[in-house]
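J.: Output the structure for:
(one chain, ligands or ions: 2)
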Amino acid sequence: MATEMALVKPISKFSTSSPIFSNSRYGKFTTVRMSSTSQSTTKAAAKGGKKAAKTAIKETLLAPRFYTTDFDEMEALFNAEINKNLNQSEFEALLQEFKTDYNQTHFVRNKEFKEAADKIDGPLRQIFVEFLERSCTAEFSGFLLYKELGRRLKKTNPVVAEIFSLMSRDEARHAGFLNKGLSDFNLALDLGFLTKARKYTFFKPKFIFYATYLSEKIGYWRYITIYRHLKENPEYQCYPIFKYFENWCQDENRHGDFFSALLKAQPQFLNDWKAKLWSRFFCLSVYVTMYLNDCQRTAFYEGIGLDTKEFDMHVIIETNRTTARIFPAVLDVENPEFKRRLDKMVEINEQLLAVGETSDIPLVKNLKRIPLIAALASELLATYLMPPIESGSVDFAEFEPQLVY
Ligand SMILES: [Fe+2]
Ligand SMILES: [Fe+2]
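T.: Ligands and ions are numbered 1, 2, ... in the order given. Coordinates of the predicted model:
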């Protein structure tokens with residue numbers, strides 16, 4: 001399968017005894033999280049693996065997640081005989097969009113990448129690597145989920161299944177491209193190992209819909225905002241990957257529109273009070289996670305000339321406006337109280353991180369964490385309980401998948 005090929009290549013190239021490792025030119029090449037199955041790993045690679053253990057992505061609450069779901073329930077949801085709301089002609093139209101494959105020839109690298117990476121040094125280099133790792137993991141997580149959905153829905157709804165497969169093609173490309181970016185820094189994420197070793201978070205189908213819709217749309221707004229900013233301020237264009245974000249983010253936008261169509265086909269997920277509570281909950285968790293994550297990595301955003309908090313607030317506001325077209329309720333993110341509370345959470349999170357850095361014994365650390373976690377939880381609850389914005393439209397008359405610029 002083409003989608004798998006795109007991924008398998010970099011994995012096998014970087015994680016086994018391929019010429020990459022035996023070539024002294026690549027002596028410093030390190031695989032992040034060595035594959036447990038790479039029996040034929042060379043000494044150099046094994047050494048790289050040890051080194052890599054230190055740089056592997058930490059499994060924390062804020063790390064990009066891998067998702068799994070109830071595939072039997074998914075099948076029932078997309079069975080046209082059971083669900084009369086499925087608008088097959090709309091899915092057919094979307095399928096044609098995906099088959100067009102606008103970005104088939106977009107992700108082609110050039111020699112600028114390596115040259116630019118070699119010029120990035122100091123703390124920015126480390127933070128750049130982390131950006132590539134986290135983005136690659138997030139893209140790869142989408143690939144795994146969509147690929148499995150494509151496989152599982154084949155019999156019940158071949159059109160929806162094919163769209164999922166084509167979306168996994170896109171995510172494989174994105175993850176592969178980011179992983180190639182890591183190779184510019186003499187690193188590679190071992191995606192095969194990640195697939196096996198990473199914990200999977202279980203979400204019921206409706207939660208998968210809310211979470212993935214939001215992550216696609218927020219991904220779109222992040223990419224397009226960085227792209228536009230660097231277009232206007234080319235002096236910060238320190239690595240060419242950002243030049244690819246304009247077309248790249250259109251993939252994410254299309255993915256989001258597909259989830260919008262899926263939600264529309266399941267009005268029970270949109271039209272009652274529970275749907276409103278869940279919509280607000282997912283908005284809150286996605287926005288807070290991004291804000292806290294990014295505020296821990298201000299060096300990256302500053303390195304490309306952005307003010308982290310301003311960037312994040314712009315992305316949150318735009319994502320929220322887009323989301324309001326489909327979710328029955330969203331947060332009032334444009335109310336200054338929302339940002340005030342986010343900033344308070346950043347402060348608490350910094351204190352929590354500082355506790356982790358101390359030399360106290362684990363028991364003392366945990367005792368110190370209790371009031372901070374309570375403060376964070378109460379801040380989250382207060383933000384959640386802010387008067388929401390009623391939104392969405394259950395008849396969706398005006399909905400049409402389209403490119404947003
Ligand atoms: Fe993607
Ligand atoms: Fe996507």
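J.: When you work out contacts or count neighbours from here on, use the C-alpha atoms and nothing else.
T.: Will do.
J.: Kindly indicate whether residue 67 is helix, strand or coil.
T.: Following DSSP: H, G, I helix; E, B strand; the rest coil, we place residue 67 in the strand state.
J.: count of residues packed around it?
T.: 19 (other C-alpha atoms under 10 Å).
J.: Next: residue 286.
T.: Around residue 286 there are 15 other residues, counting by other C-alpha under 10 Å.
J.: Also residue 232?
T.: Neighbours of residue 232 (other C-alpha under 10 Å): 11.
J.: Tell me how far it lies from residue 305.
T.: 11 Å (C-alpha to C-alpha, to the nearest Å).
J.: low pLDDT regions in the stretch 301-405 of the chain?
T.: For the stretch 301-405 of the chain, the stretches flagged by pLDDT under 70 are 393-405.
J.: Not counting sequence-adjacent ones, nearest residue to the residue in the chain that ligand 1 sits nearest to?
T.: Residue of the chain nearest ligand 1, by C-alpha to the ion: residue 171 (4.4 Å). Spatially, and ignoring its direct neighbours in sequence, residue 171 is nearest to residue 143 (5.0 Å; C-alpha to C-alpha, 6 or more residues apart in numbering).
J.: can you pull the contacts of that neighbour?
T.: 167-172 (C-alpha atoms under 8 Å, 6 or more residues apart in numbering).
J.: Equivalent analysis for residue 224, please.
T.: So residue 224 contacts 245-246, 249 (C-alpha under 8 Å, 6+ apart).
J.: Might one say that residue 299 is in contact with residue 125?
T.: No - applying C-alpha atoms under 8 Å, one finds residue 299 not in contact with residue 125, separated by 10.1 Å.
J.: Run through the residues of this protein sitting next to ligand 1.
T.: 139, 171 (C-alpha under 5 Å from the ion).
J.: same thing but 6 Å
T.: In this structure, the chain approaches ligand 1 at residues 139, 171, 174, 252, judged by C-alpha under 6 Å from the ion.
J.: Now do residue 112, the pLDDT please.
T.: For residue 112, the model assigns a pLDDT of 93.
J.: For burial, what's the neighbour tally of the closest residue to it other than its chain neighbours?
T.: If the residues on either side of it in the chain are set aside, residue 112 comes closest to residue 240, at 6.8 Å by C-alpha to C-alpha, 6+ apart. Neighbours of residue 240 under the rule other C-alpha under 10 Å: 18.
J.: What confidence value was assigned to residue 12?
T.: 28.
J.: which helix in the protein runs the most residues?
T.: For the chain, the longest helix by residue count, based on DSSP state H, is helix 123-152.
J.: elements contacting the next helix or strand after that one?
T.: For helix 123-152, the succeeding helix or strand toward the C-terminus, using DSSP states H and E, is helix 158-184. Here helix 158-184 touches helix 2-15, helix 88-100, helix 112-119, helix 123-152, strand 187-189, helix 245-264, going by 3 or more C-alpha pairs under 8 Å, 6 or more residues apart in numbering; DSSP states H and E.
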